[in-house]
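**Student:** need a structure here:
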Amino acid sequence: MRWTTCLAAAAVAAVSEASTLTPPVLPLIVRNPYLSTWLGDARGLPWDHWPIFWTGQEVGLGVLAAVPESDTVYPLLGRPHDSLPRSGQSFNVSYPTYLGTTFDASTTNLTYSIPAATLNKEPLELILSFLSPITPTSTLRQSIPASYLTVHVSGEFDVDIYIDMNGLWVSANRGNTITWEFSQSALSGKKKGEKPLKTWKVKRMVEQLLTEDADRAEWGTLHFTGPPDVQHEAGTSALLRQRFSRTGTLQNVVDENFRGIMDEEPVFAFSKSFKLKNASSAEGGKSSDSVLFTIGHIQDPVIQFASARGNTLMRPLWASYYMSADEVLDFHYHDFEKSFKLASNYSMQLEKDALVSGSEDYKDILAISARQVIGACSFSGTPDNPVIFFKEISSDGNMNTVDVIYPAFPWFLYTNPKWLAYVLEPLIEHQLSGQYPNDYSMHDVGAHFPNATGHPDGRDEYMPVEECGNMLIMGLALVNSLIYETKPASIWSATGIEENLNTHGTFALHADSDFMDDTFGGPVSAKGEKQARQWIEKSYRLWKQWAGYLVRESLIPANQLSTDDFAGWLANQTNLALKGIIGIRAMSEISELVGEKEDAKHYKEVSENYIQRWTDEFALSRDGTHAKLAYTWFGSWTTLYNLFADALLCFHIPSKSNTLGAVGQTPMLSQGSKTAFVDSKIYKIQSDWYHNVRQRYGLPLDSRHMYTKSDWEFFAVAVSSKQVREEIVDSIALWVNETSTDRPLTDLYDTEGDGGFPGIYFKARPVVGGHFAFLALERACGGKAMEALSFLDDEAAREFPSHMFDEEL
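**Tutor:** Residues are numbered from 1 along each chain as shown. Okay, the predicted model is just below:
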């Protein structure tokens, strides 16, 4: 296992720099909505609490270290030491020195110092390294519902490691009966003499297919895998932990008395003895070693989907490549080196790009956000037609919610636009099949994960302008990501084999023998344009239908919800109208792409007329200093986060007006406007306004409350001046360090007080993909999107007198 040792050391080195932020909770094992385990109270000691599922429910993952020379046992993670008597034993219980956490986009490392039995030896360093790799160039790897845990040790004396897991990984109900088995069967194709891996398999005795309890899956099997040279044992938690503490090992036996999760709590354990003393003496210094484990949660089927052919039990994507869970998890275990390299490449590029913003803190905000987005994804379908089912985590559990995909989509654009196509596909397929009766875009494809059974009665949550605008904006953003000259929306899009279009689906998954994806899109008039045209042509009637709705309803929106539904219904929403108008403008370019010249001309003319009226008649306060929350609500203001779409889609670039030459329209610019669609004065006044209304922990959503949404903050500051962007990012970073919230990163919080939940408890939601808005904009329009906003930095933000915020504006 020397390769594991070397790679473990590399993994530690890759995130060895201290992270600048101290979030309240950190991701440990986060792959999909059901394999989602976090370090709660991450500012404290990791042995003070058990790890948690994203809901806050504790799960059993306990780690102990024992030093034979001193007969001392040290808890490292969870509370397994609660099972250890404090006296009358042959061992002592003590605590290590906790050196803290480091993290990047895929890895969280917990580092400890364990004292030697004698003063003439240095303490031993021990690191628990959790890797949930983000691999934008390998969709197959990303789809595997399993993560890595490496224990790395470095020192001059021997140490034993113990890890156990319990049945709370497969059910939320502590009373449910579980079954388990130990497996060490050799798979075909293994090298001669290579010993098989050891695996615990745990599941409910009576599974409930496609059923949740407290957001936990009540079907599926936990796979806990280690190398051949570890010891194993299943049995009552207290007995195993005490035996390990006395002997430093386990007995390689299995308790076969199946029972309830907390009935004489059965746990499934591995132990590993590291012999560092002799190796250190021979080498004249410290010795290092490591052991690799994997933790997976396998379900098949994963989703029920009302597809074009009717209700379908959807299999996991990996099942198209491997015949069994054993095979895919064996590949996953031995693929650690490759997965680590791919994940490190992503993390290092992300850090480099984040630092362009000028903020050290921004890279850490993105690092803790990335796994939270992928944690909502379940990869399904086949290589010819891959799909992603996307859970609206914590708010209500809807599936592929359009206004949850929308705030998350900057992450998809930056990381892998192909995955954005996969997450939109269930919505498009379902609506093309005629199963949704309304003429506007559906809100979601299913009321609760994992059942994507649609809304044949048309009574999904009522956000018609919101969802039509979202779909059109994302649709054109995806088209633009496919068609590029030199700078793709994601640098990883241009990596991989060149696969020409064929009879497979538009976004079929082509992979080489090492499971590396083909390129996505390509230069104009090549693969990318063909893919984009093919994708739009098959669903053009839907795009046109949604645009038609916006033409009728977006300029003066009726009383309805926007994506910020927690704030309630409201008529004449300024920000919502802007989204609809930009959606109409997007439809003009979508129509142009597929040769629908008359449609392109019509939607362009309508959008230009609407944006002029929106600017001149409806949007602004009486003194022209900011946008109102609603047209008739004088004295109000709003974060105009939908302005981001104007820049992302390149409408703000003056030369962009010439791209639709066949349409022959001239953009209706006000005198002196530096932008081509939404007037540059809107960008400037909003940027200045944000500077003045910023609070301790960020930018409030609007004038009604002091709470904010972090996704929309990043949308807004991406199209603000550098000064304002840095101010607000600094405020958000301060919030991350000081917030009283105690769950995986919330996107809804108070900007004053203790930065806590505002009575609404959002947590672990994938909308934090919106934190990537600046990075998506950096690469948009062939890299010219930010350059076209440089006028915002020509002068400092305007200062308003404080008394004006108490007057009607």
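
**Student:** what sits against the most centrally placed residue in the chain?
**Tutor:** The structure's the chain has its C-alpha centroid closest to Val373; by Cα atoms, centre = their mean the separation is 1.2 Å. Going by Cβ atoms under 8 Å, 6 or more residues apart in numbering, Val373 touches Ala408, Trp411, Pro766, Val768, Gly769. C-beta here means a position set from N, CA and C on the backbone, and glycine is covered the same way.

**Student:** the third one against Arg371, yeah?
**Tutor:** Pointing back at Pro766 there. No. Between Pro766 and Arg371 there is no contact under Cβ atoms under 8 Å: 10.2 Å.

**Student:** for Leu775, which non-adjacent residue is spatially closest?
**Tutor:** Distances taken as Cβ to Cβ, 6 or more residues apart in numbering place Tyr414 nearest to Leu775, at 4.7 Å, with adjacent residues excluded.

**Student:** just the C-alphas of the helix or strand encompassing the one you found, formatted as PDB.
**Tutor:** Per DSSP states H and E, Tyr414 falls inside helix 402-415. Only the C-alpha atoms of helix 402-415 are listed here, as PDB (Å, rounded to 0.1, in the frame of the first residue of the first chain):
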ATOM      1  CA  VAL A 402     -36.000  25.800 -11.600                       C
ATOM      2  CA  ASP A 403     -35.500  28.700  -9.200                       C
ATOM      3  CA  VAL A 404     -33.000  26.600  -7.200                       C
ATOM      4  CA  ILE A 405     -31.100  25.500 -10.300                       C
ATOM      5  CA  TYR A 406     -30.900  29.200 -11.300                       C
ATOM      6  CA  PRO A 407     -29.000  30.500  -8.300                       C
ATOM      7  CA  ALA A 408     -26.700  27.400  -8.500                       C
ATOM      8  CA  PHE A 409     -26.000  27.700 -12.200                       C
ATOM      9  CA  PRO A 410     -22.900  29.800 -12.000                       C
ATOM     10  CA  TRP A 411     -21.200  26.800 -10.400                       C
ATOM     11  CA  PHE A 412     -22.300  24.600 -13.200                       C
ATOM     12  CA  LEU A 413     -21.100  27.100 -15.800                       C
ATOM     13  CA  TYR A 414     -17.700  27.400 -14.200                       C
ATOM     14  CA  THR A 415     -17.200  23.700 -13.300                       C
END
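
**Student:** buried set for the helix or strand that comes right after that helix?
**Tutor:** Going down the chain from helix 402-415, the next helix or strand is helix 417-432, by DSSP H and E. Neighbour-count burial for helix 417-432 flags 417-431 (criterion: 16 or more other Cβ atoms under 10 Å).

**Student:** tell me the buried residues in stretch 43-62?
**Tutor:** Using 16+ other Cβ under 10 Å as the test for burial, stretch 43-62 gives 46-47, 49-56, 58-62.

**Student:** take the residues you listed and keep only those in strands.
**Tutor:** Among these, the members falling in strands (DSSP state E) are Ile52, Phe53, Leu61, Gly62.

**Student:** please name the bridge partners of Met314.
**Tutor:** Beta-bridge partners recorded for Met314 (DSSP bridges): Ile303.

**Student:** where does Pro196 sit: helix, strand or coil?
**Tutor:** Per DSSP: H, G, I helix; E, B strand; the rest coil, the secondary structure class of Pro196 is coil.

**Student:** that one against Gln184, yeah?
**Tutor:** Yes. Between Pro196 and Gln184 a contact is recorded at 5.1 Å, counting by Cβ under 8 Å.

**Student:** what is in contact with the two at once?
**Tutor:** Contact criterion Cβ under 8 Å, 6+ apart; residues shared by Pro196 and Gln184: Pro228.

**Student:** between those two, who's got more neighbours?
**Tutor:** Per other Cβ atoms under 10 Å, whichever of Pro196 and Gln184 has more neighbours is Pro196, with 15 against 11.

**Student:** now the more buried one: how far from Leu222?
**Tutor:** According to Cβ to Cβ, to the nearest Å, Pro196 and Leu222 sit 19 Å apart.

**Student:** pLDDT weak spots in the stretch 551-700 of the chain?
**Tutor:** Judged by pLDDT under 70, the stretch 551-700 of the chain has its weakly predicted residues at 656-671.

**Student:** coming back round to it: okay, and the residue nearest to the centre of the chain sits in which element?
**Tutor:** Using DSSP H and E, the element containing Val373 is helix 360-374.

**Student:** which strands or helices does the helix or strand following that helix pack on?
**Tutor:** Downstream of helix 360-374, the first helix or strand assigned by DSSP H and E is strand 377-382. Applying 3 or more Cβ pairs under 8 Å, 6 or more residues apart in numbering; DSSP states H and E, we find strand 377-382 packed against helix 139-143, strand 303-307, strand 385-390, helix 417-432.

**Student:** ok, and what's touching strand 377-382?
**Tutor:** Strand 377-382 has contacts (Cβ under 8 Å, 6+ apart) with 32-33, 139, 142-143, 302-303, 305, 314-318, 320, 386-391, 419, 422-423, 425, 450, 766.

**Student:** rewinding a little: and of the buried residues of stretch 43-62, the nearest to Arg259?
**Tutor:** Nearest to Arg259 among the buried residues of stretch 43-62 is Gly60, at 14.6 Å by Cβ to Cβ.

**Student:** and stretch 169-178, C-alpha only, in CSV?
**Tutor:** Provided in CSV are the C-alpha atoms of stretch 169-178 (Å, rounded to 0.1, in the frame of the first residue of the first chain):
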residue,chain,number,x,y,z
TRP,A,169,-26.2,5.8,7.8
VAL,A,170,-29.1,3.8,6.3
SER,A,171,-32.2,5.0,8.2
ALA,A,172,-33.3,8.0,10.2
ASN,A,173,-35.3,5.8,12.6
ARG,A,174,-33.1,4.5,15.4
GLY,A,175,-35.6,1.7,16.1
ASN,A,176,-35.4,0.1,12.6
THR,A,177,-33.9,-3.3,12.3
ILE,A,178,-30.8,-3.5,10.1
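
**Student:** name the residues of it that are buried.
**Tutor:** Trp169, Val170, Ser171, Ala172, Asn173, Asn176, Ile178.

**Student:** quick check: the second one touching Thr221?
**Tutor:** Right, the one you point to is Val170. Yes. Using Cβ under 8 Å, Val170 is in contact with Thr221, at 7.1 Å.

**Student:** what sits in contact with each of those two?
**Tutor:** Common neighbours of Val170 and Thr221, counting by Cβ under 8 Å, 6+ apart, are Val202, Lys203, His297.

**Student:** most neighbours among those residues, please name it.
**Tutor:** Within the shared contacts of Val170 and Thr221, most neighbours by other Cβ under 10 Å means Val202, with 25 neighbours.

**Student:** for that residue, list the residues it contacts.
**Tutor:** Contacts of Val202 (Cβ under 8 Å, 6+ apart): Met165, Gly167, Trp169, Val170, Ile178, Thr179, Trp180, Thr221, Leu222, Phe224, Phe268.
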